[in-house]
Every structure is written in C-alpha cells, then in structure tokens.
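Asker: Turn this into a model:
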Amino acid sequence: MVHKPVPRSEEKTGKAKVDRRASVRHATSRDATCNPISARAATLPVLIRDVSTGGIGLLATRRFERGTLLVIEVADEEQTTPSPMVGRVAHVTHLDDGDWLIGCQFVGPLSDDDVKAVLRQLPPEADPFVVAEGTGSSQGASE
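Answerer: Okay, here's the model as predicted:
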C-alpha cells in the first residue's frame, strides 16, 4: 500500500467540504490493524491517518461498509496506546491509488491522553504535543 497525503478538505469533485467534527483532528502516520468486530480472525493492516477524541481516519487496501464496527489496534511494542479501540465506520472513500480512506467514529471517546499516546511515535519535530526546549509550552496542545 502506497501512502500519499490525501487532501482533507476536498472530495474528488474538488469542492471544499464543511468540517462538522466536534473534536480537533491530529495528523499522524502510524501502523495499526483493524478487523470487523464480527470477524476477529480477519485482521487487516492499516495506516492511521488522523485521530481525535471522537474518531480516527484509516488508510486500508479494502473497504468496509458504513456502520461496521471495527476493532483497531495500534502497533505499539511499548503498549502505551489505548488498544484496542472500537469505531463505527462513518464514511468510506475510494482513493485514486486504489486504497480506501475509512473514517470511524469511536464508540466511546478517547481521552486527550489516549490521543497523545496514539500520536506518541511521531518524530519530536512533528508531534504537536512535544514541548519545545526552552519554551515551556507545548505546540498545539491547548489551541
């Protein structure tokens, strides 16, 4: 699966979409797996594209129907992430490269600390929750 950035505010039509999310999304690029809750043996590798307290965006090689409950587990050797997470598929978009963008709403919202844990493996310069040396404040954490 080739992972390319996908415009977040435009559909294939090129028209801007209105973002109706209640919580702030944080971009990431983290390996995970998911499977329908009804088929635990059918695990699929995915890439987490973004995460918020309310939901998660996944890139996958196959689609899931809207309404499907997915169990999402972050690849985390240190076991610091809120895993497994359960999300309901809210939208599915077929991308030009053949992959699928799957947007899920969490069944139970994540805490801010859980979101930070999912983002933790970003390099420090890309992590919005890492405190820059000498500033005494974190970037993006309270904006």
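Asker: Residue ranges in the chain under the pLDDT threshold?
Answerer: 1-22, 121-143 (pLDDT under 70).
Asker: Helix or strand: which one has residue 87?
Answerer: In the assignment (DSSP states H and E), residue 87 maps to strand 85-94.
Asker: So in that sheet, which strands flank that strand, and in what orientation?
Answerer: Here strand 85-94 is paired, per DSSP bridges, with strand 69-74 (antiparallel), strand 100-106 (antiparallel).
Asker: Using CSV, write down the CA coordinates of that strand.
Answerer: Written as CSV, here are the backbone C-alpha positions of strand 85-94 (Å, rounded to 0.1, in the frame of the first residue of the first chain):
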residue,chain,number,x,y,z
MET,A,85,-10.2,0.9,20.1
VAL,A,86,-13.6,0.3,18.7
GLY,A,87,-15.0,2.6,16.0
ARG,A,88,-18.1,2.6,13.8
VAL,A,89,-17.4,3.3,10.1
ALA,A,90,-18.9,6.7,9.2
HIS,A,91,-17.6,7.2,5.7
VAL,A,92,-15.6,5.3,3.1
THR,A,93,-13.8,7.0,0.2
HIS,A,94,-12.1,5.2,-2.7
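Asker: picking that back up, compare the strands paired with strand 85-94 and give me the one nearest residue 28.
Answerer: Ranking the strands paired with strand 85-94 by proximity to residue 28 (CB to CB) places strand 69-74 first, at 9.9 Å. For the C-beta atoms, the positions are set from N, CA and C on the backbone; glycine is no exception.
Asker: which other residues reach the closest one?
Answerer: Contact with strand 69-74 is made by 30-38, 40, 46, 48, 56, 58, 64, 81-89, 102, 104, 107, 118, as judged by CB atoms under 8 Å, 6 or more residues apart in numbering.
Asker: Now a PyMOL select for only the buried ones of those residues.
Answerer: In PyMOL syntax, the buried subset of the contacts of strand 69-74 is picked out as below (16 or more other CB atoms under 10 Å):
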select buried, resi 30+32+33+34+35+36+46+48+56+58+64+81+82+83+84+85+87+88+89+102+104+118
